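In: coords below, sequence missing:
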């Protein structure tokens, strides 16, 4: 099916360390990918996106890497802070009408 | 200045009741969505409207009926509520289908 999955459902890191959240996607035709952050009690918030004609994109403390060969997407967070604690979702334009399909989510916990 | 706003935020109701969740976006987007998030945080699209026209209708019971009076509003009406309808419902919008989606803060529905 056109599901986006995640390798790690939970991730615990020490404050100040770098975090890497992974995502596998199955639809090779997907051409747009987004990472969202969802804090407790809130809606998902856009973090960073990448189109399929790129391999890497950087934001503020975040980097998204796209490997189309193995259909893998990752989100790297530098110098992870307690405020980064949340559930992170990857999403791809793999659905009908080009709608976004979301992965299961990874819970990131940052230990002070 | 809330971009995507939905009401109510919390709703507790009895089985068999009919309830509505309202959503409005002030981003000038053409496309609006309803997503359902279950207890395992999985986000699944329910409906999508583009310029008031229904473009996505996933396998959702016909007890759920979306209504879009204009492209800035997408309401969700649920008839004969069941225990399994308990979830968080997110309204969202995007400039056009397949583009970055911006979510509301969610409506927590509990059916007792």
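Out: Noted; the coordinates are in hand. It should be emphasised that the depicted structure is a prediction, and the values quoted were computed from it without experimental measurement. Residues are numbered from 1 along each chain as shown, chains lettered A, B, ... in the order given.

In: Report how many residues lie close to the residue lying closest to residue A:27 once chain neighbours are set aside.
Out: Closest residue in space to residue A:27, ignoring its immediate chain neighbours: residue A:94 at 3.6 Å, by Cβ to Cβ, 6 or more residues apart in numbering or on different chains. (Each C-beta comes from the backbone N, C-alpha and C, glycine too.) A count of nearby residues for residue A:94, using other Cβ atoms under 10 Å in any protein chain shown, gives 23.

In: which regions of the chain lie under the pLDDT threshold?
Out: Reading this off chain A. A:1-8, A:95-98 (pLDDT under 70).

In: meant chain B actually
Out: For chain B (pLDDT under 70), the answer is B:1-2.

In: what does it put close to chain A?
Out: Residues of chain B lying close to chain A (Cβ under 8 Å from any Cβ of the partner chain) are B:4, B:33, B:35, B:40-45, B:48, B:55-56, B:90, B:92, B:97-106.

In: what residues are up against residue 82?
Out: In the absence of a named chain, this looks at chain A. By Cβ atoms under 8 Å, 6 or more residues apart in numbering or on different chains, the contact list for residue A:82 reads A:15, A:110, A:112.

In: Please refer instead to chain B.
Out: By Cβ under 8 Å, 6+ apart, the contact list for residue B:82 reads B:15, B:63, B:111.

In: ok, of these, which come out buried?
Out: Neighbour counting over these (16 or more other Cβ atoms under 10 Å in any protein chain shown) leaves residue B:111 as the buried ones.

In: Okay, and which of the contacts of residue B:82 map to strands?
Out: Among the contacts of residue B:82, the residues falling in strands (DSSP state E) are residue B:111.

In: now, which of the contacts of residue B:82 sits nearest residue A:80?
Out: Nearest to residue A:80 among the contacts of residue B:82: residue B:111, at 37.5 Å, using Cβ to Cβ.

In: can you pull up the bridge partners for the closest one?
Out: Under DSSP bridges, the beta-bridge partners of residue B:111 are residue B:13.

In: Quick check: the gap between it and chain A.
Out: Distance of residue B:111 to chain A, given as Cβ to the nearest Cβ, to the nearest Å: 20 Å.

In: and if you look at residue B:109?
Out: Distance, residue B:109 to chain A, by Cβ to the nearest Cβ: 14 Å.

In: That residue - how many residues pack around it?
Out: Residues within reach of residue B:109, counting by other Cβ under 10 Å, total 21.

In: Let me see the contact set for it.
Out: With Cβ under 8 Å, 6+ apart, residue B:109 has these contacts: B:11, B:13, B:19, B:21, B:78, B:81, B:85-89.

In: three-state assignment of it?
Out: strand (DSSP: H, G, I helix; E, B strand; the rest coil).

In: Residue A:18 versus residue A:101, what's the distance?
Out: Note on residue A:101: its distance to residue A:18, by Cβ to Cβ, to the nearest Å, is 27 Å.

In: Quick check on these two: which one has the bigger neighbour count.
Out: Higher neighbour count among residue A:101 and residue A:18: residue A:101, with 22 against 12, using other Cβ under 10 Å.

In: Hmm, residue A:89 and that one touching each other?
Out: No. Counting by Cβ atoms under 8 Å, residue A:101 stays clear of residue A:89, with 10.3 Å between them.

In: My read is that residue A:28 contacts residue A:69, right?
Out: No. Residue A:28 lies out of contact with residue A:69 (Cβ under 8 Å); the separation is 10.0 Å.

In: of these two, who's got more company?
Out: Using other Cβ under 10 Å as the criterion, residue A:28 and residue A:69 rank with residue A:28 on top: 11 against 7.
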